[in-house]
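Participant: have a look at this prediction, sequence included:
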Amino acid sequence: MLGNTNLVAFLPTTDYAKARAFLVDVLGLRFVSQDDFALVLDANGIMLRVTKVRDHQPEQYTILGWNVKRIEDVVAQLAGRGVKFERFGFLEQDAHGVWTAPGGDKVAWFKDPDGNVLSLSEHI
């Protein structure tokens, strides 16, 4: 039933201006609209509603991610725009913060201005 409909993603923020600057100017999502209820962005045809919350405590796991091709290139481009990739002591990550899973998939993590964990992944 829902497999034939479009997904809407949600992301919490405490500051619309910081979220918009990061998501639009740094990550390259397309601005759609903003009102008192949400900052709405287009993420390649997927609606991302950034919702303002009063007391935000970011989770310590990925809450939003992108499936990319050539993850190393995307990591390099984002790093050039000031994105800092996270390092986890329990994973073997390359010099750029990319972890290769036993099956060959690759993942890199970074945070938005609210501390939300976001990721890039390349699935083989």
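Facilitator: Nice, thanks for sending it over.

Participant: what does the residue lying closest to Arg54 once chain neighbours are set aside show for phi and psi?
Facilitator: For Arg54, the nearest residue in space outside its immediate sequence neighbours is Thr14; the separation is 7.4 Å by CB to CB, 6 or more residues apart in numbering. Where you see a C-beta, it was placed from the backbone N, CA and C, and this is true even at glycine. With angles defined as degrees, to the nearest 10, Thr14 shows backbone torsions of phi -110, psi -10.

Participant: what's the burial count for Thr14?
Facilitator: Residue neighbour count, defined by other CB atoms under 10 Å, stands at 14 for Thr14.

Participant: from what I can see it touches Thr51, true?
Facilitator: No: judged on CB atoms under 8 Å, Thr14 makes no contact with Thr51 at a distance of 10.4 Å.

Participant: measure the residue nearest to Arg54 to Val83 for me?
Facilitator: Relative to Val83, Thr14 is positioned 19 Å away (CB to CB, to the nearest Å).

Participant: how about Leu48?
Facilitator: With CB to CB as the criterion, Leu48 and Val83 are 17 Å apart.

Participant: any regions of this structure where pLDDT drops low?
Facilitator: Using pLDDT under 70 as the threshold, the predicted model of the chain has no low-confidence range.
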